[in-house]
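> Here is the input, now give the coordinates:
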Amino acid sequence: MKGLWQAGIPQDFANWLKPHLETLSHFVRMIMELRPGWALTGWKTEEEIWRKGVLHSLYWTYLLGWKLVGEGIDVGSGAGFPGIPL
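Alright, predicted model coming up:
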C-alpha cells in the first residue's frame with residue numbers, strides 16, 4: 001500500500017483516506033485470503049485490489065467532497081466494487 005502513494009495518488013486524497021486505512025486494509029486482506037477458492041475478482045495482487053477496486057471506488061466520493069462517515073445507500077452497484085468500500 002505504501003507504494004501506491006508514491007505512484008501519483010494525490011496527497012490530499014491519501015490524507016482523506018487515512019482514518020479508514022485500517023478497515024480498508026483488512027477488507028483487502030480478506031479478499032486476498034478468499035480469492036483462491038472464491039474467485040471474487042480477477043485481480044491477483046493487493047496492489048491491484050487497492051488501485052482498481054478500493055481507490056477507484058472511493059476517489060469520486062473524495063472529488064465530490066463527501067465524508068466517509070454516517071449512513072448511505074448503494075443502488076445498483078452489484079455485489080462487490082464499488083459498493084463495499086463505499
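
> Hmm, Thr41 and Leu34 touching each other?
No: counting by C-beta atoms under 8 Å, Leu34 sits too far from Thr41 to count as a contact (9.9 Å). The way it works is simple: take the backbone N, C-alpha and C, and place the C-beta from them, glycine included.

> In terms of packing, which of the two has more residues around it?
Shown here are Leu34 and Thr41; by other C-beta atoms under 10 Å, Thr41 has more neighbours (16 against 12).

> if I look at Ser57, how far off is Pro36?
Distance, Ser57 to Pro36, using C-beta to C-beta, to the nearest Å: 23 Å.

> who has more neighbours, the two?
Taking other C-beta under 10 Å, Ser57 and Pro36 do not tie; Ser57 has more neighbours (18 against 8).

> Which element, helix or strand, includes the more buried one?
Taking DSSP states H and E as the criterion, Ser57 maps to helix 56-63.

> pLDDT on that helix, on average?
Averaging pLDDT along helix 56-63 yields 82.

> mind listing what's buried in it?
Using 16 or more other C-beta atoms under 10 Å as the test for burial, helix 56-63 gives 57-59, 61-62.

> Just give me the closest of those residues to Ala14.
Closest approach between these and Ala14, by C-beta to C-beta: Tyr62, at 9.9 Å.

> Tell me the helices and strands packed up against the helix holding Ser57.
The criterion is 3 or more C-beta pairs under 8 Å, 6 or more residues apart in numbering; DSSP states H and E, and the helices and strands that helix 56-63 contacts are helix 11-17.

> what's the next secondary structure element after the helix it packs on?
helix 21-38.

> between that next one and helix 56-63, how many degrees?
Counting by axes from the mean of the first three to the mean of the last three C-alpha atoms, to 10 degrees, helix 21-38 lies at 150 degrees to helix 56-63.
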